[in-house]
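Visitor: show me how the following folds:
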Amino acid sequence: MRRRKFIQLSALGAAVLPVVKAFAKGEVPNKPIVLSTWDFGLQANVEAWKILSTGGRALDAVEAGVHVPEGDPNETSVGIGGLPDRDGRVTLDACIMDEHGNCGSVAFLEHIVHPISVARKVMEKTPHVMFVGEGALQFALANGFTKENLLTKESEAKWKEWLKKSEYKPVANIENHDTIGMIALDANGNLSGACTTSGMAYKMHGRVGDSPIIGAGLYVDNEIGAATSTGVGEEVIRIVGCHLVVELMRQGKSPQEACKLAVERIVRKSPERARKVQVGFLAINKQGQHGAYCLQPGFTFAVHDKRGNVLNNASSKY
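Guide: Reported below is the predicted structural model:
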């Protein structure tokens, strides 16, 4: 009996091994799968997985996923609870992109808890891509969104404390860089992505980073892959970072290699700035292979597929 069981297990292992190797090489697509930036990506992934695991569309999954940190008043870098600009006003940026290349974006939006859903409305209900400021708010209210005060007591207290010195010295990986970017590949093999943030704490009023800019904070090409970014948006904008990552994958680079090359381009453009700030890229290709790379140690990202939901540390330049 023991010998028979050993033979059966050996035969099973021999049958499974080629599949595992093919899976690792990307020959067997790993789908569905969802990836998101930072520690809060774990909980965001759980919500997205509810849709992906039942055959749902990647677009619906990423919108539902990023709703989690957007609606959490304890998160000081996304949605309600976000730390304000130096004038004490919470302004939000977000964008979304689907498998057909459709995209929508909002920037400098106030009073709306879920800017990602406003961005989706822009994508689906207008001929435009980006609405900003008062126009974005008017559009949101006209489409059923509720006007709310986003400045929590905790964030207001931190802002008032900051005003005592009014020093603007962002620290890498703390408060100022916790954009959530989420990219997903659904069971049908289609990609979508979302990116949402309250931007840098105590920024100059009117400042907009990379998060709502298609090609900078997010880019999706359903033939190739998707990428999102986090960190100091000005550095990402300067290289049109996420579009660059996807184009590098088009040239045959793996998601990991593409992210690394994008970070290295930032370094080449300004070595001095690169040592003082954080930027991270997260990417996925059509086979479900993924990668991440950043400037400074400390960038985490969450990956949820059929094997589970795991938090990872990205490789870094420094």
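Visitor: just checking, S198 touches D85?
Guide: No - S198 is beyond contact range of D85, at 9.1 Å (criterion: C-beta atoms under 8 Å). (Each C-beta comes from the backbone N, C-alpha and C, glycine too.)
Visitor: find residues that contact each of the two.
Guide: T91 (C-beta atoms under 8 Å, 6 or more residues apart in numbering).
Visitor: more crowded one of those two?
Guide: S198 (30 against 21; other C-beta atoms under 10 Å).
Visitor: and the gap between the spatially most central residue of the chain and E47?
Guide: By C-alpha atoms, centre = their mean, the chain has its centre lying nearest to G181, at 0.8 Å. The span separating G181 from E47 equals 15 Å under the rule C-beta to C-beta, to the nearest Å.
Visitor: that older thread, show me what contacts the residue nearest to the centre of the chain?
Guide: 36-37, 193-195, 211, 217-218, 228-230, 282.
Visitor: what sits opposite the closest residue to it other than its chain neighbours in the beta ladder?
Guide: With sequence-adjacent residues excluded and distances taken as C-beta to C-beta, 6 or more residues apart in numbering, G181 is closest to T228, at 2.9 Å. With DSSP bridges as the criterion, T228 is bridged to L218, L282.
Visitor: just checking, T228 touches G215?
Guide: No - taking contacts as C-beta under 8 Å, T228 lies outside contact range of G215: 11.4 Å.
Visitor: overlap of the contact sets of these two?
Guide: C242.
Visitor: more neighbours, those two?
Guide: Using other C-beta under 10 Å as the criterion, T228 and G215 rank with T228 on top: 35 against 20.
Visitor: any idea how far that one is from K31?
Guide: T228 sits 18 Å away from K31, going by C-beta to C-beta.
Visitor: check Q296 too.
Guide: Using C-beta to C-beta, we find Q296 at a distance of 32 Å from K31.
Visitor: what sits against the residue nearest to G181?
Guide: Taking C-beta under 8 Å, 6+ apart, we find T228 in contact with 37, 181-183, 193, 195, 217-218, 242, 281-283.
Visitor: if we use 10 Å, what do you get?
Guide: Going by C-beta atoms under 10 Å, 6 or more residues apart in numbering, T228 touches 35-37, 62, 95, 97, 179-183, 193-195, 210-211, 217-220, 236, 241-242, 245, 280-284, 292, 301.
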